[in-house]
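K.L.:
everything below, folded, please.
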Amino acid sequence: MSSPHAAPMELMWAMKQSICNAATSGVAAWDCKDNEEVLLIPCGLFIAGDNPMQAEECSHAGLNCNYFCQMCDVGGMKEYKVSEDALKPGATEKIKNFVSTTGICDMASTPIINTLVELGKMLRKRTAGTQAMSKAEVTAALEKEFEKILQGDKIEDTLNPLLGMNGLDMHMDTPTEILHTVLLGIVKYFCGQTVFLLDKAKLMNIFQTHLQSIDTDGLNAPCLNAGYICTRVA
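P.N.:
As a prediction, the model looks like this:
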């Protein structure tokens, strides 16, 4: 699911709403095998996509943080808690550090956070002939702006809609995208380094002979075409 006009989270809002509405009322259908009317209850099974897309759907910052995978525990453990740092001076740097440390980056609420941070900077700026606003006045102004942005909605309505979707665990139901993660990632660079070492040692002809002699029974390929492979990767 993609669009040149709508952001991923906007698409997810609409998708979640459609599935939840259909699950609430059900979808009437005809079972042609048992010749009877049935009621279908749809639910989310998994969300497919490439790594950057899945990271955004999980409110994850991707590789630019301590935990660069939304599914495993690769990275250092660190205790954290959500604070009111966004309302304090230096909020931009604190937010960047929070994202890097925890890996949490909710693109659905990011525009609101950025608006409040920029407003906070402007309110704290002291101009000639004027007195700087107090901390209490700045906090009150930011809270008022926040209420205005919400327009009566709940805070939960500004967060990633997929995180609270029934029957769907965004961190477990985003299967790894094999092509770029494995084949064009680990396998590609391992193959490139191997060929570099073989070519440097003048052993590519021996490697090609071994590759051509591999028994292809059981492989989903009629011929490995070792000559073509060695030419392409060399």
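
K.L.:
helices of the chain, start to end?
P.N.:
Assigned by DSSP state H, the helices in the chain fall at 8-25, 51-57, 91-102, 110-124, 135-150, 178, 188-200, 204-212, 226-233.

K.L.:
and for the spatially most central residue of the chain, nearest residue in space, chain neighbours not counted?
P.N.:
Central residue of the chain (Cα atoms, centre = their mean): A55, 1.2 Å from the mean position. Closest residue in space to A55, ignoring its immediate chain neighbours: G62 at 4.2 Å, by Cβ to Cβ, 6 or more residues apart in numbering. C-beta here means a position set from N, CA and C on the backbone, and glycine is covered the same way.

K.L.:
got it, and L163?
P.N.:
Counting by Cβ to Cβ, 6+ apart, the residue nearest L163 is M170, at 6.0 Å.

K.L.:
tell me the contacts of the one you found?
P.N.:
M170 makes contact with 47, 57-59, 70, 160, 162-163 under the criterion Cβ atoms under 8 Å, 6 or more residues apart in numbering.

K.L.:
what's it sitting at in phi/psi?
P.N.:
phi -60, psi -30 (degrees, to the nearest 10).

K.L.:
so it versus C105, what's the distance?
P.N.:
13 Å (Cβ to Cβ, to the nearest Å).

K.L.:
mutual contacts of these two, please.
P.N.:
What both M170 and C105 touch, as defined by Cβ under 8 Å, 6+ apart, is the set S59.

K.L.:
flag the least confident of the contacts of M170.
P.N.:
Lowest pLDDT among the contacts of M170: Q70, with 70.

K.L.:
that residue and Q54 touch, don't they?
P.N.:
Yes - Q70 is within contact range of Q54, at 6.7 Å (criterion: Cβ atoms under 8 Å).

K.L.:
which neighbours do those two share?
P.N.:
With Cβ under 8 Å, 6+ apart, Q70 and Q54 have common neighbours 60, 174.

K.L.:
more neighbours: which of these two?
P.N.:
Q54 (24 against 20; other Cβ atoms under 10 Å).

K.L.:
leaving out sequence neighbours, find the closest residue to the more buried one.
P.N.:
The nearest residue in space to Q54 (Cβ to Cβ, 6+ apart) is T174, at 4.3 Å.

K.L.:
same deal with I104?
P.N.:
With Cβ to Cβ, 6+ apart, the residue lying closest to I104 is S59, at 5.9 Å.

K.L.:
how many neighbours does I155 have?
P.N.:
I155 has 10 nearby residues by other Cβ under 10 Å.

K.L.:
any stretches of the protein with poor pLDDT?
P.N.:
By pLDDT under 70, the weakly predicted segments of the chain are 1-2, 64, 66-68, 71-91, 100, 102-103, 234.

K.L.:
how does it look with 90?
P.N.:
For the chain, the stretches flagged by pLDDT under 90 are 1-17, 19-20, 23-24, 43-189, 191-192, 195, 211-234.
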